[in-house]
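J.: Give me coordinates for this.
(chains A and B)
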2 protein chains.
Amino acid sequence: MAININETKSAEIKPSKSKSGKGKAAALGPPIIVAATKATSDPKGGWKRGVGIFDFVLRLAAIGAALAATATMGTTDQTLPFFTQFLQFQASYDDLPAFTYFVIANGVASAYLVLSLPFSIVCIVRPHVVGARLLLLILDTVMVALTTSGAAAAASIVYLAHNGNPNTNWNAICQQFNDFCQRVSGAVVASFITALIFVFLVVLSAVALRRN
Amino acid sequence: MAININETKSAEIKPSKSKSGKGKAAALGPPIIVAATKATSDPKGGWKRGVGIFDFVLRLAAIGAALAATATMGTTDQTLPFFTQFLQFQASYDDLPAFTYFVIANGVASAYLVLSLPFSIVCIVRPHVVGARLLLLILDTVMVALTTSGAAAAASIVYLAHNGNPNTNWNAICQQFNDFCQRVSGAVVASFITALIFVFLVVLSAVALRRN
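T.: Residues are numbered from 1 along each chain as shown, chains lettered A, B, ... in the order given. Sure, this is the predicted structure:
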């Protein structure tokens, strides 16, 4: 009888031991997975931080370009050395509505860029914060439209000032206002560079959002 | 002796049973978590699919606006009912480089929109595919810049045609070419609507990328 009981008990023990073995393996499973995801999330965070730093540097470059465009266009003022009894020949940016819009658009873009720097820093310090990144992406897209429209409107007028248009009887004015035209052309180029940097910033934010 | 053996065996069995109980609980743990994530990922997929459908509809609207802008500007051609011995007064889009650029930019945007429809459908069918969504976002951003620049360049010239500019001695031509000016203005408005839809598409793609 005693031997019989022993046999049945040992038969009961064996499966329970194997079950506890399985249980241990299962209980050990999740921590291993967690450790693996932690190990891969650290380089991701570093990668995102690199994107954030690049974003910050690009923003500084864009501030330079936008301020240069605003200042160049805003201070351009040429007075010709000859004048008649009734009028003095003078050209400044507010003679043409397109140039005024250009100055406003680039001024707004400069102000936005300066205000966006803290958000960019947040994205460097906390690479996993999605809200700030998304806000920057949306506002950057609006700024792409704003700076491109300002630059294109001014470029269209600058082209007209350089070449004129015989079909509409609009004459080129750059023969007279040569210095004015050159400075304005420089401002337009600076504004297009700003717009290009904004496009890069949008793409950068999108890539950073993707690897979330 | 037999009772003693029985007692030790029963003492051995009890902890092993409790171990197997823990093991079962641990083994049951992961499947529950998997079920929970599956249950929450389904509504997310549905939400993304809704965004994808909205994206597709917006693209169809943008095709309409871009084609309208291209066709209106491209077919605008006004010949005045009076002429001199040497020249006939005629205005068409290719008289002004800004309008030519406008037609090219809107044509490219229309072609891109048609080609982007399959990718948009991919985003509806497979809401979790990130590559197609990211590609659309980047190309949409470029298209924001392209359509906005075309529209702004043309708008700048249209403003000049309507109002002229006394400072540069450029006269308004819309008194003569009234029909031409009205059609061109319509085309510019259609192009700005296209650009606005592109901005919405970028924002939509960014939001869809975020909830990945």
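
J.: Could you use CA atoms for every contact and neighbour count after this?
T.: Will do.

J.: can you pull the contacts of the residue nearest to A:Phe119 when sequence neighbours are not counted?
T.: Closest residue in space to A:Phe119, ignoring its immediate chain neighbours: A:Ala132 at 6.1 Å, by Cα to Cα, 6 or more residues apart in numbering or on different chains. Applying Cα atoms under 8 Å, 6 or more residues apart in numbering or on different chains, we find A:Ala132 in contact with A:Phe119, A:Ser120, A:Val122, A:Cys123.

J.: so after the helix or strand where A:Ala132 lies, what's the next helix or strand?
T.: Using DSSP states H and E, A:Ala132 sits in helix A:130-163. Going down the chain from helix A:130-163, the next helix or strand is helix A:178-210, by DSSP H and E.

J.: Mind checking which of the contacts of A:Ala132 land in helices?
T.: A:Phe119, A:Ser120, A:Val122, A:Cys123 (DSSP state H).

J.: And the buried ones among these, selectable in ChimeraX?
T.: Burial among the ones in helices among the contacts of A:Ala132 is assessed by 16 or more other Cα atoms under 10 Å in any protein chain shown; the matching ChimeraX selection reads:
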select /A:119,120,123
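
J.: I'd like the ones in helices among the contacts of A:Ala132 as a markdown table, with distance to A:Arg183 and pLDDT appended.
T.: Converted to a markdown table, these look like this (distance: Cα to Cα, whole Å; pLDDT from 0 to 100):
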| residue | distance to A:Arg183 | pLDDT |
| --- | --- | --- |
| A:Phe119 | 33 | 93 |
| A:Ser120 | 32 | 93 |
| A:Val122 | 37 | 91 |
| A:Cys123 | 37 | 89 |
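
J.: so which of the ones in helices among the contacts of A:Ala132 would you say is closest to chain B?
T.: Set against chain B, the nearest of the ones in helices among the contacts of A:Ala132 by Cα to the nearest Cα is A:Cys123 (14.5 Å).

J.: Give me the nearest residue to that closest one, chain neighbours excluded.
T.: Nearest non-adjacent residue to A:Cys123, counting by Cα to Cα, 6+ apart: A:Gly52, 5.8 Å away.

J.: That neighbour contacts A:Ile124, correct?
T.: Yes - when contacts are counted by Cα atoms under 8 Å, A:Gly52 is listed as touching A:Ile124 (4.8 Å).

J.: burial count for the closest residue to A:Phe198 other than its chain neighbours?
T.: Leaving aside its chain neighbours, A:Phe198 sits nearest to A:Val144 (5.7 Å; criterion: Cα to Cα, 6+ apart). Here the number of neighbours of A:Val144 (other Cα atoms under 10 Å in any protein chain shown) works out to 27.

J.: Same check on A:Pro166?
T.: As a burial measure, A:Pro166 scores 11 neighbours (other Cα under 10 Å).

J.: next one: A:Gln182
T.: Using other Cα under 10 Å, A:Gln182 is surrounded by 14 other residues.

J.: ok, it to chain B distance?
T.: For A:Gln182, the distance to chain B equals 16 Å [Cα to the nearest Cα, to the nearest Å].

J.: Could I get the pLDDT score of that residue?
T.: pLDDT, A:Gln182: 91.
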